[in-house]
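**Q** predicted structure and sequence below. I'll ask about it afterward.
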Amino acid sequence: MKPMNPEEVDDQMVLISQYYPDGIYSQFVPEQGAAMNSKPRRRRKKNKGDRGGAGDGVMRKRKLSEEQVNMLERSFGSEHKLESERADRLAAELGLDPRQVAVWFQNRRARWKSKKLEEEYSKLKSEHETAVVEKCRLETELLKLKEQLQEAEKEIHRLSERWDGVSSNSPSSSFSIEAMDPPFLGEFGMEGLGNVFYVPEAEENYAQGLEWNTFYYM
DNA sequence: AGTGGGCCGAGATTACATCA
DNA sequence: CTGATGTAATCTCGGCCCAC
């Protein structure tokens, strides 16, 4: 923001003093006529074509100067809340009405909150997008693992049939599960599955009890 | 305990300024 | 000139505190 030249300052003399009692704004050019002793909290009237102190001759100010805003910003930076003592002190330093300072802080808090909400929204949005990408990745991985699991299941079936065949033909056969090659479970890293899925305790039911896997398919 | 009044802050809105 | 945007000021409402 560039510094205002005198003409700009003049141009910004609008519509405040009429809402406050006389003599509040030491920096204002005194008004001529129209004593304004009424309470400030009244809906402002439209004053089109009445800017810059023309018309009724009332000099009004609206925009705060850069210096005033800077000081208010510094004060806001150190504390968002404004106790009345601080408002009075600031107002005296800035040549403003304490109510003006209070209003500025109110509006500033509103802007701050809205900005904060916007930032939080962006952050959540980006986190959501990251989570969606991760979900896709996990779903793909899950599909792959399911395929591997199905392969393992088929292999187990094959081996159990082979085992049944061998044991019925020759009960004293030296065939052992350890002799099977390759070790099919280890290949899929399934040693720890018992911690994740329910694995039936009874060894003899294991080959026939493979349905437990189907619980996993939803 | 209930009530009325004053004060304060948040949120919504209005009026005006400024700029593209 | 006009629409969009920013900001000072106002309005409304609810919560809190205090005196009665």
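**A** Here it is on my side, so go on.
**Q** the nearest residue to A:Ser75 once chain neighbours are set aside: neighbour count?
**A** Of all residues not flanking A:Ser75 in the chain, A:Leu90 sits nearest, at 5.9 Å (CB to CB, 6 or more residues apart in numbering). Bear in mind the C-beta positions are built from the backbone N, C-alpha and C, glycine included. A count of nearby residues for A:Leu90, using other CB atoms under 10 Å, gives 21.
**Q** isn't A:Leu90 up against A:Arg74?
**A** No - here A:Leu90 lies out of contact with A:Arg74, judged by CB atoms under 8 Å, at a distance of 10.0 Å.
**Q** how about the helix or strand where A:Ser75 lies against DNA strand B, any contact?
**A** Here A:Ser75 is covered by helix A:66-78, with elements defined by DSSP states H and E. No - under the criterion of CB under 7 Å from any atom of the strand, DNA strand B is not reached by helix A:66-78; the shortest gap measures 11.4 Å.
**Q** mind listing what's buried along that helix?
**A** A:68, A:71-72, A:75-76 (16 or more other CB atoms under 10 Å).
**Q** repeat that for stretch A:142-161.
**A** Result for stretch A:142-161 [16+ other CB under 10 Å]: buried residues A:149, A:152, A:155-156.
**Q** can you read off the pLDDT for the residue lying closest to A:Leu96 once chain neighbours are set aside?
**A** Nearest residue to A:Leu96 in three dimensions, chain neighbours excluded: A:Gln68, at 6.8 Å (CB to CB, 6+ apart). In this model, A:Gln68 is scored at 90, pLDDT.
**Q** measure A:Gln68 to A:Ser75 for me?
**A** The gap separating A:Gln68 from A:Ser75 is 11 Å, by CB to CB, to the nearest Å.
**Q** next: A:Val101.
**A** A:Val101 is 9 Å from A:Ser75, where distance means CB to CB.
**Q** mind listing the shared neighbours of the two?
**A** Common contact partners of A:Val101 and A:Ser75 (CB atoms under 8 Å, 6 or more residues apart in numbering): A:82, A:90.
**Q** right, I'll leave it there.
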